[in-house]
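# Next one to model:
(2 chains)
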Amino acid sequence: MALFDRLLLFLVSEAFLFYVFSGTAVASALCVVLQRNPMHSAFALIVTFCSLSAVYGLLGAPFIAALQIIVYAGAIMVLFLFVLMLLNVKREEPSGGRALKTAAILLGALFALQVVGTLAGFGLSPAANYDSSTQSFARLLFGTRFLYVFEATSILILAALVGAVVVAKKDL
Amino acid sequence: MSPVLQEVVITLLKVVILTQLLLGLFSFMTLAERRLLAFMQFRLGPNRTGPFGLFQPIADGIKLFFKEELMPDSATAWAFFAAPIVAVTAAFMAIATVPYGPEFTIPGTSFKVTPQLADLDVGILFIFAVTSLGVYSVVLAGWSANSKFSLLGGLRSSAQMFSYELSLGMSFVGVIMLAGSFKISDIVATQAGGFWNWNVMPWKQGLAAVVYFISAAAEVSRTPFDLPEGETELVAGYHTEYSSMKFALMQMAEYINMITVSVLTANLFLGGWNPGLPFLPTSGLWGLAYFAAKVLFVLFVFIWMRGTLPRFRYDQLMHFGWKVLIPLAALNVLGTATLIAVFKW
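Have a look, this model is predicted:
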């Protein structure tokens, strides 16, 4: 029984779940880049979004977790897949010469160096303990601090929406 | 046992009970649907297996187990296998966070139980998020089989699902604004008292209830909106190529989704586990009974609709979703917001 108890507690422990979901996120993100078939990449990207959402949930931000799935996995990726299915995109063939590849590797290495350098400056510390309920999030977003930024963003998105309709439809 | 461990064990027990209940309800829904439809059409329906045909679901299950598994040669194997898994997982995850009744003590003990797996702070949002993942089973199934009918069916279904998801999501907003919370238990609490406090009433969220119910029927592809299964033109839509247990899993996901939608309707609009009349008892097990009655009623309405309404044409479907339901839902949000902000409703 004691062994069973410990197994159960281990399976629901935050550390275990974190490694499961972040591991899945990294593996599927690699899949997105390494796959040649665009449909497979798109599906791998959905897995990445879902595992990221689980990580947000573990960090105590359920609202962000739900939004991550609704917006990215639920809406944007469905549109992607829809377009891929309609266009019937073929396997991507390897392209680019030796020079291009060398340049890509060099630039990639430079970027990795920057990321590592930045992250090393932060050091490791436990996640900050803050009130992450939906209500406090809403107060922050719709309170005096971010209200105007939020409204400005929504007007920008609305303008983009109208613009897209005007461009797509020749005669309204 | 430590408190954490106790919590884990109780949750696991709840998971087992809930899954078994849902599977039972699903299999008897298939029977109830066939028999009720038969009665509506002056037939008898399946009544040969056991008393009143009650063993028909078991017979169907055994039959499906022993059917041959087929997969088209040109299918993408992993996606073909993943589609039913995604469908069932999404369906069960969605139903995991809904409450089924008030907290009650198990008769004969002093043990308190809440008939809900997890009362999330983001309740409705989580359910909305997970049900939107269900679309992927349709996309995967339609695309992976590499068959014309599957692909066309998959395209149709996914377009239908994400068109109606918008009005579905917007119909929640008024309810959330009235309750001031995403938590379903809070929303149920605001409908306590009498049936005149239920959100389905025209002076509360009647419009939202209508929009929600229609969009939900479309979201789970029930009859007036069952274009994915337009037999005459598409064979069986996205699950044309599925056979045996994979087909059964797809079917199961559809029914579980229907149950989720009914449970949500009962919770959000029909007052949850409130009896509707102030003098009726509201404690523990009574609440469960009222709730079950409401859910079964909504399920019956779904079957009733199937026996009554003809199928939409595809352009009518899109027209209705985008040009009627979404504006209505937006109007409801606007009206509720005005009433709350200006008249302190």
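
# Distance check, residue B:68 against residue B:247.
11 Å (C-beta to C-beta, to the nearest Å). All C-beta atoms are positioned from the backbone trio N, CA, C, and that covers glycine.

# where along chain B do the helices fall?
B:3-40, B:56-66, B:77-95, B:123-133, B:135-144, B:148-179, B:184-189, B:206-219, B:231-234, B:244-268, B:284-308, B:314-319, B:326-343 (DSSP state H).

# same question but for chain A, I mixed them up
Under the criterion DSSP H, helices of chain A are mapped to A:2-11, A:14-34, A:38-58, A:62-67, A:77-87, A:98-122, A:134-142, A:147-168.

# Which one's more surrounded, residue B:68 and residue B:247?
When neighbours are counted by other C-beta atoms under 10 Å in any protein chain shown, residue B:247 comes out ahead of the other of residue B:68 and residue B:247, with 19 against 6.

# OK, contacts around residue B:264?
Remark: with contacts taken as C-beta atoms under 8 Å, 6 or more residues apart in numbering or on different chains, residue B:264 is in contact with B:98, B:127, B:216.

# Only the buried subset of those, as a PyMOL command please.
Buried subset of the contacts of residue B:264, written as a PyMOL selection, criterion 16 or more other C-beta atoms under 10 Å in any protein chain shown:
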select buried, chain B and resi 98+127+216
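
# In terms of distance to residue B:162, which of the contacts of residue B:264 ranks first?
Closest to residue B:162 out of the contacts of residue B:264 is residue B:216 (14.2 Å), distances taken as C-beta to C-beta.

# Tell me the one among the contacts of residue B:264 nearest to residue B:297.
Closest approach between these and residue B:297, by C-beta to C-beta: residue B:216, at 14.6 Å.

# Tally up the residues packed near the residue in chain A that chain B sits nearest to, please.
Proximity of chain A to chain B (C-beta to the nearest C-beta) peaks at residue A:74, 3.3 Å away. By the criterion of other C-beta under 10 Å, residue A:74 has 26 neighbours.

# Would you mind confirming that it makes contact with residue B:126?
No - under the criterion of C-beta atoms under 8 Å, residue A:74 makes no contact with residue B:126, lying 11.8 Å away.

# what is the mean pLDDT for stretch A:124-141?
For stretch A:124-141, the mean pLDDT works out to 72.

# again but with stretch A:61-79, I slipped
Stretch A:61-79 shows a mean pLDDT of 84.

# For that stretch, measure first residue to last.
End-to-end distance for stretch A:61-79: 26 Å, by C-alpha to C-alpha, to the nearest Å.

# Work out the gap between that stretch and the centre of the chain.
Computed by C-alpha atoms, centre = their mean, to the nearest Å, the chain-centroid distance of stretch A:61-79 equals 9 Å.

# residues from chain B in reach of chain A?
B:1-2, B:4-5, B:8-9, B:79, B:120-122, B:125-126, B:128-130, B:132-133, B:135-136, B:139-140, B:142-143, B:151, B:154-155, B:158-159, B:162, B:165, B:169, B:182 (C-beta under 8 Å from any C-beta of the partner chain).

# go again using 6 Å as the cut-off
B:5, B:8, B:121-122, B:125-126, B:129, B:132, B:135, B:139, B:143, B:162, B:182 (C-beta under 6 Å from any C-beta of the partner chain).

# Which residue is the nearest non-sequential neighbour of whichever residue of the stretch 1-150 of chain B sits closest to chain A?
For the stretch 1-150 of chain B and chain A, the shortest gap (C-beta to the nearest C-beta) falls at residue B:132, measuring 3.3 Å. Closest residue to residue B:132 apart from its sequence neighbours, by C-beta to C-beta, 6 or more residues apart in numbering or on different chains: residue A:74 at 3.3 Å.

# How many neighbouring residues does the residue in the stretch 201-345 of chain B that chain A sits nearest to have?
In the stretch 201-345 of chain B, no residue comes nearer to chain A than residue B:238, which is 11.5 Å away by C-beta to the nearest C-beta. For residue B:238, the neighbour count with other C-beta under 10 Å is 32.

# Give me the local confidence score for it.
75.

# List the residues that contact it.
Counting by C-beta atoms under 6 Å, 6 or more residues apart in numbering or on different chains, residue B:238 touches B:138, B:141-142, B:150, B:153-154, B:157.

# what would those look like in CSV with pLDDT and neighbour count?
Formatted as CSV, the contacts of residue B:238 follow (pLDDT from 0 to 100; neighbours: other C-beta atoms under 10 Å in any protein chain shown):
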residue, pLDDT, neighbour count
B:138, 83, 30
B:141, 83, 29
B:142, 80, 30
B:150, 81, 28
B:153, 80, 27
B:154, 80, 31
B:157, 82, 26
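
# Using JSON lines, please lay out these together with distance to residue B:75.
Listed next are the contacts of residue B:238 as JSON lines, based on distance: C-beta to C-beta, whole Å:
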{"residue": "B:138", "distance to residue B:75": "16"}
{"residue": "B:141", "distance to residue B:75": "10"}
{"residue": "B:142", "distance to residue B:75": "11"}
{"residue": "B:150", "distance to residue B:75": "9"}
{"residue": "B:153", "distance to residue B:75": "15"}
{"residue": "B:154", "distance to residue B:75": "13"}
{"residue": "B:157", "distance to residue B:75": "18"}
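
# what about stretch A:37-51 and chain B, touching?
No - for stretch A:37-51, no contact with chain B is found by C-beta under 6 Å from any C-beta; the gap never falls below 6.5 Å.

# mean confidence for that stretch?
For stretch A:37-51, the mean confidence score works out to 87.

# So which bits of it are buried?
Quick answer for stretch A:37-51 (16+ other C-beta under 10 Å): A:38-51.

# Mind pulling up the pLDDT for the closest residue to residue B:224 other than its chain neighbours?
The shortest distance from residue B:224 to any residue other than its chain neighbours is 4.4 Å, reached at residue B:309 (C-beta to C-beta, 6+ apart). Looking at residue B:309, its pLDDT reads 84.

# What residue spans form the domains of chain A?
As recorded under automatic domain parsing, the domains making up chain A are A:11-90, A:133-172.

# for those domains, which one sits closest to residue B:16?
With C-beta to C-beta as the criterion, residue B:16 lies closest to domain A:11-90 of these, at 15.9 Å.

# how about the spatially most central residue of chain A, what does it touch?
The residue lying closest to the centre of chain A (C-alpha atoms, centre = their mean) is residue A:49, at 4.7 Å. Residues near residue A:49 by C-beta under 6 Å, 6+ apart: A:72-73.

# roughly how far apart are it and residue A:56?
For residue A:49, the distance to residue A:56 (C-beta to C-beta) stands at 11 Å.

# again, but for residue B:240
Distance from residue B:240 to residue A:56, by C-beta to C-beta: 37 Å.

# Compare these two (neighbour count), which wins?
More crowded of residue B:240 and residue A:56, by other C-beta under 10 Å: residue B:240, with 23 against 20.

# Would you state the predicted confidence (pLDDT) at the closest residue to that one other than its chain neighbours?
Of all residues not flanking residue B:240 in the chain, residue B:149 sits nearest, at 4.5 Å (C-beta to C-beta, 6+ apart). Looking at residue B:149, its pLDDT stands at 80.

# what's the answer for the one 3 residues further on, then?
Residue B:152 is assigned a pLDDT of 81 by the prediction.

# Around it, count how many other residues there are.
Residue B:152: 19 neighbours (other C-beta under 10 Å).
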